[in-house]
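S.K.: Take a look and give me a structure for this.
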Amino acid sequence: MPILITLKAEIVNDLTEISVSGLHQLWLQVQSKKRRSFLVCIVYRPPDIGLNCPESDLMPKYTQALSLNRDIVLTGDVNCDLLTKSPRGDALRSFCISVNAKQLIEKPTRVTKNCRSLLDVILVSNPDLVQSSDVRSRLDYKRSLFSPRCLESEST
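M.R.: You can find the predicted model right below:
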């Protein structure tokens, strides 16, 4: 049986930016035929950005995105290990609590001989949006992946 998946994604220019501190945010609005559109923010946090980055740089854009009344998926490399207790991890956890977001990834996304860390996150405003999430290996680096419910197959 053939499977047809149709998605349309557009950049949300009002939200997309590289902040003064260096936090990268690419915001996309994703649309499928079967589901209401949702927003995806692909984020990169360089390792040398300060602790208040989630609050000072991410929160204003995330709040603006919430005003669009769409589910939000935030994914990417946040360069703070969520497997260990640290000030950076605590700042990201605090951000999640503030915006009522759920972090879906619980396995390490970076594994070396000496270290295992969770640097690549998938945060969602509505866990029902996600059909599945996983971590896939590639050398010592693992990718965080998710499948939105809108990707459930459409028979042709």
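
S.K.: need the next SSE after the biggest helix by length in the chain, C-terminal direction.
M.R.: For the chain, the helix that runs over the most residues, judged by DSSP state H, is helix 87-99. Next helix or strand after helix 87-99 toward the C-terminus (DSSP states H and E): strand 102-103.

S.K.: so what does the helix or strand following that next one touch, helix or strand wise?
M.R.: Tracing the chain C-terminally past strand 102-103 and defining elements by DSSP H and E, one meets strand 110-111 next. Applying 3 or more Cβ pairs under 8 Å, 6 or more residues apart in numbering; DSSP states H and E, we find strand 110-111 packed against strand 116-117, strand 141-148. In this view, the C-beta of every residue, glycine as well, is placed from N, C-alpha and C.

S.K.: part of a strand, is Ala9?
M.R.: Yes. Counting by DSSP: H, G, I helix; E, B strand; the rest coil, Ala9 is located in a strand.

S.K.: Might one say that it is in contact with Ser32?
M.R.: No. Using Cβ atoms under 8 Å as the test, Ala9 is too far from Ser32 to be in contact (9.9 Å).
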